[in-house]
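1. Structure here, sequence nowhere to be found:
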């Protein structure tokens, strides 16, 4: 989508006002780099849609009060669902400014059958809607975050690592047709990147251009923003950075049935699998995988020989270096769900990127390592729902696109 596309311009305008607070038309024109006539027309349409209202600012001295544009927080709501790691999901209802006004938990089970996803998602949404916190007619968009490979553009769930069955599920359409609300779909790394873009506290510019790599509770992935837009591939897929190849002959096997994938070296799951192989163990459940990882951490700390974690840091640093050398993202955020993993890989990761990123690019690239905040999932799901609502997407409703 081109930066001057009308729909994208409206989305940018609403994001600026949500992030910075009420703005005058002159201020908004400066932020968007548009002329005042274009902004006046854009604002008029957003007011017709009930997203913006005018408010008067206090007059300074003898001057007239300025007219500011503000988001009408109560003019509509969005609802978002994101599964947790223990068979539960959180469902939130948010207002147009992104404030959470209602939350409840739902039981989803292990998400081990993709064919059951529509029923599980619909039941969770319906339970939250039945609480009656806001009139159902005011819920204008819904969002679902899944831990797997999804087509964000077309709303298709292609693959979940926890599922026993693997086939394409047009989840957004199936859920939207049953609840009567447009639905957007994305994965967990994309949700965390959206949380950074929409709710982050960095200086202006550093929230619009960055790559985020998420080392999650079990797996990992990445997502990228450029020019304030999340980058989505030709086929509607987000990045599958976890399957970037960092080893060739003799590379570790990956759950994708290939080998040498980054996730087999740098994720909790990959480290646990390699530790189990070295110890002659068989891992048949998520709990056993977590226990194997915990034991690998304990041994690394006790013996001061963290070879598995040195390899993990070097592998991640190599993959990030390749990405930075190719794409020059300006900023890279490594966010990690486990403090012990972040602690053990930080030094070898830093050494790898400092030796493998081209010096002129390295000097201009900010690289941050930090712990994942559990609220990032909640914020990212809210941002996905607001993004669809702000754009006026009707995807997923029968007969609309």
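-> Thanks, I have it. Keep in mind that this is a model prediction, so the values were computed, not measured.
2. Look up the pLDDT of residue 34 for me, please.
-> The model reports residue 34 with a pLDDT of 89.
3. Surely residue 335 is in contact with residue 377?
-> No: with contact defined as Cβ atoms under 8 Å, residue 335 does not reach residue 377; the gap is 11.3 Å. Glycine gets a C-beta too; all of them are placed from N, C-alpha and C.
4. Are there residues contacting both of those two? Which ones?
-> residue 192 (Cβ atoms under 8 Å, 6 or more residues apart in numbering).
5. where along the stretch 251-400 of the chain do the strands fall?
-> Counting by DSSP state E, counting those that start in this stretch, the stretch 251-400 of the chain has strands at residues 331-336, 366-371.
6. How far off centre is the one helix or strand residue 27 maps to?
-> Per DSSP states H and E, residue 27 falls inside helix 25-32. How far helix 25-32 lies from its chain's middle: 28 Å, per Cα atoms, centre = their mean, to the nearest Å.
7. do the same with stretch 257-267
-> On Cα atoms, centre = their mean, the centre of stretch 257-267 falls 21 Å from that of its chain.
8. avg pLDDT for it?
-> 96.
9. Residue 224 is nearest to which of the strands of the stretch 251-400 of the chain?
-> Taking Cβ to Cβ, strand 331-336 is the member of these nearest to residue 224, at 9.5 Å.
10. now what about that closest one, what contacts it?
-> By Cβ under 8 Å, 6+ apart, strand 331-336 touches 192, 196, 206, 209-215, 316, 320, 323-324, 342, 349, 365-372, 376.
11. are any of those residues buried, and which?
-> The neighbour count (16 or more other Cβ atoms under 10 Å) marks 192, 196, 206, 209-215, 316, 320, 323-324, 342, 349, 365, 367, 369, 372, 376 as buried among the contacts of strand 331-336.
12. How about residue 370: what's its closest non-neighbour residue?
-> In space, and not counting its chain neighbours, residue 370 is closest to residue 335: 5.6 Å by Cβ to Cβ, 6 or more residues apart in numbering.
13. Any idea how many residues pack against the one you found?
-> 22 (other Cβ atoms under 10 Å).
14. which residues does it bridge with?
-> residue 214, residue 370 (DSSP bridges).
15. if I look at it, how far off is residue 173?
-> From residue 335 across to residue 173, the span is 31 Å (Cβ to Cβ, to the nearest Å).
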